[in-house]
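Q: Sequence and computational prediction follow.
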Amino acid sequence: MGRIRSERRRASEPTGQSSAGHELRSSGRAHCQAIERRMSYTLTTPLYYVNDRAHLGSTYTTLACDAIARYQRLCGERVTFITGCDEHGQKIQRTAEAAGLTPQDHCDRVSEGYRELWRRWQISNNRFIRTTAPRHRELVEQFFARVEASGDVLEGRQQGWYCVACEEFKDDPHEAQDPECPIHRKPLEWRDEVNLFFRLSRFQSQIEELIRRPGFIAPASRQKEVENFVAQGLRDFSISRVDLPWGIPVPGHPGHTFYVWFDALLGYLSALLQSDPTAAAGSVDGEEGPVDLDQVLQRGWPAQLHVIGKDILRFHAVYWPAMLLSAGLPLPERGFGHGFLTRFGHGFLTREGQKMGKSLGNVLDPEVLLKRCGRDAVRWYLLRDIPFGEDGDFQQQRFSDLVNNDLANTIGNLLNRTSTMARKWFAEAVPPAGDAATSSHALAQAGSQAVEQFRQSMNRLEFRPAAEAILQLAIAANGYLNERAPWSAMKQPGQEEQVGQDLYAVLEASRLAAVLLAPLLPDLSGRMLEQLGLQPFESSKPSPQTGGWLDALSWGGLEAGQTLPQPQPVMQRLELNGPL
Ligand SMILES: [Zn+2]
């Protein structure tokens, strides 16, 4: 952060612990909020900065959040899944000017690009916030008024080296010669202006305590980074800019607009006050209503999860909680079970071992990926192969190998050939189950292990072991099928009943795999269930109660005599000629 040199004055007198005052205001609703909160799950992607189109990193983050949102809905939670665009700041103004557009036209185009891309990926977000929305501006004004009333807005002089691309003051010493941004490799700009500051220093001990809390920042390596930063001592940070028209004006401070980060983080709150297009009309979430900061408590705040890239961890793990404390909004310690705001810094993606960049000409375009490979293939590769939270590397050969081996062969072909045999020998229907429907069957045990590992992993946001659990179940079922060899048993007299039971067990394992796939690969899950004569799960809209998904995790759900439709390959092999 830049340094504050001159004398500062308080913009208003402090009111002490503003959270206490807020508690009084909202205590009347506390009971019913508590009940609602227990059943709601709010998660967010970052609000993507509209200086450029979506890239693989933002697509990955959004797909991961989508899998979590679908999983929580299938488990019966009322999910608020927020994404959107961060549209203010100098970088946007300059990008628009360079393209010969007004900033608003530029933002309209880029944010519509995001919205359209997420639609095509079938992302199940039920909020999309743009920080240029008039309602967002209203909320920012209300939030600022609270922070100012808490005595946390100060005036001061900001001097330091600034990266416009990061929209951040860097720690470089004042006397540095031509310093550059370590992320963008571009020269930093010297700034010297009178700004409004947020009194972050006041929250030192609270933030220290918060970030030490297990699970608040995951993975643990990121937690350490933040601890080291906080240990240096928190310095007040500037929350306004002068002579920057492309921003929200600061009420009562002519000439100042809000620093883009102060405004952008509040997008998570204003998103909650939008109406939910998937909610029933007349319900709380189905209506927009007036902009009232207090209402966020009834609309899903505090969030359970912010998923972010590691480069913006400091903003989310330090500045954001301090801002919320100042405004008297709840933090994770008030809650049931695990923390309300678990923050998660995931890593960066590279390609074939190299950083992706325009200058290197190796950028992987999510549009191209979608068109050439389809949703299932990409979701599987990213969720199954890249440990969430660590840096990942996109390798094309490995991508197509995994998709073909895991999805087309191990999972898809298993269902296809078993269904073909069952139709041929058992009147185009699921054979009688006999002992195969009982929990002591070998595949039933493999199934319950898979369910347990899957659910534990998903609850910990560990997609890789979750996907592996499904794969292991399919591998066990393939092994069982080859060992029992129904194709030769069927040629021997008196074996029909046993063959029927064996086929039942493998079909049931396939059903279970399809059920478990629902949050990760909803399309493939749906095609598999249809091939078994069953209904796909709806995981993009709130479903009444559990929608039956949890019940469907029990062994023996497939009904003998259920008609099996003509088998179609559920997963096409990926044949990639040439680089993506
Ligand atoms: Zn930078």
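A: Great, that's in hand.
Q: Show me the chain divided up by domain.
A: Domain segmentation of the chain under automatic domain parsing yields 3-347, 373-553.
Q: Quick check, the residue in the stretch 351-500 of the chain closest to the ion?
A: Per C-beta to the ion, G357 is where the stretch 351-500 of the chain lies closest to the ion, at 13.5 Å. (Each C-beta comes from the backbone N, C-alpha and C, glycine too.)
Q: right, and the secondary structure at the residue lying closest to that residue once chain neighbours are set aside would be what?
A: Closest residue in space to G357, ignoring its immediate chain neighbours: V363 at 6.8 Å, by C-beta to C-beta, 6 or more residues apart in numbering. Assigned with DSSP: H, G, I helix; E, B strand; the rest coil, V363 falls in the coil class.
Q: Could you do Y162 as well?
A: Classification of Y162 by three-state DSSP places it in strand.
Q: for S440, same thing?
A: Going by three-state DSSP: S440 is coil.
Q: cool, and P302?
A: State at P302, reduced to three classes by three-state DSSP: coil.
Q: For it, the count of nearby residues, please.
A: 19 (other C-beta atoms under 10 Å).
Q: Return the distance of it relative to the ion.
A: 30 Å (C-beta to the ion, to the nearest Å).
Q: isn't that residue right up against T42?
A: Yes: using C-beta atoms under 8 Å, P302 is in contact with T42, at 7.5 Å.
Q: and the helix or strand hosting F454, how far out from the chain's middle?
A: Assigned by DSSP states H and E, F454 belongs to helix 442-459. A distance of 23 Å separates the C-alpha centroid of helix 442-459 from that of its chain, computed with C-alpha atoms, centre = their mean, to the nearest Å.
Q: Give me the average confidence score over it.
A: Mean pLDDT, helix 442-459: 97.
Q: Use 4 as the first number from now on
A: Yes, from this point I'll number from 4; that puts the last item at helix 445-462.
Q: what does the helix or strand just after it contact?
A: Sequence-wise, the next helix or strand downstream of helix 445-462 (DSSP H and E) is helix 466-487. The contact list for helix 466-487, computed with C-beta atoms under 8 Å, 6 or more residues apart in numbering, reads 67, 70, 383, 386-391, 409, 413-414, 417, 420-421, 445-446, 449-450, 452-454, 456-457, 460-461, 502, 505, 508-509, 512-513, 515-516, 519-520, 523.
Q: Buried ones in helix 466-487, by neighbour count?
A: Judged by neighbour count (16 or more other C-beta atoms under 10 Å), helix 466-487 contains these buried residues: 466, 468-481, 483-484, 487.
Q: That helix vs helix 445-462, what angle?
A: 170 degrees (axes from the mean of the first three to the mean of the last three C-alpha atoms, to 10 degrees).
Q: I'd assumed N231 was in a helix, is it?
A: Yes: remark: N231 belongs to a helix, assigned using three-state DSSP.
Q: returning to that earlier point: mind giving me the PyMOL command for buried ones among the contacts of helix 466-487?
A: In PyMOL syntax, the buried subset of those is picked out as below (16+ other C-beta under 10 Å):
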select buried, resi 67+70+383+386+387+388+389+391+409+413+414+417+421+446+449+450+453+454+456+457+460+461+502+505+508+509+512+513+515+516+519+520+523
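Q: Now intersect the contacts of helix 466-487 with the helices, please.
A: 67, 70, 383, 386-388, 417, 420-421, 445-446, 449-450, 452-454, 456-457, 460-461, 502, 505, 508-509, 512-513, 515-516, 519-520 (DSSP state H).
Q: Look at the closest residue to the ion within the stretch 304-453 of the chain and give its secondary structure.
A: Residue nearest to the ion within the stretch 304-453 of the chain (C-beta to the ion): D314, separated by 8.9 Å. Look at D314: counting by three-state DSSP, its state is helix.
Q: how close does it sit to L506?
A: Distance, D314 to L506, by C-beta to C-beta, to the nearest Å: 52 Å.
Q: State whether V229 and I214 are indeed in contact, as I suppose.
A: Yes: when contacts are counted by C-beta under 8 Å, V229 is listed as touching I214 (5.2 Å).
Q: intersection of neighbour lists for the two?
A: Common contact partners of V229 and I214 (C-beta under 8 Å, 6+ apart): 220, 320-321.
Q: now these in a markdown table, with secondary structure?
A: Putting the shared contacts of V229 and I214 into a markdown table (three-state DSSP) gives the following:
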| residue | secondary structure |
| --- | --- |
| I220 | strand |
| A320 | helix |
| V321 | helix |
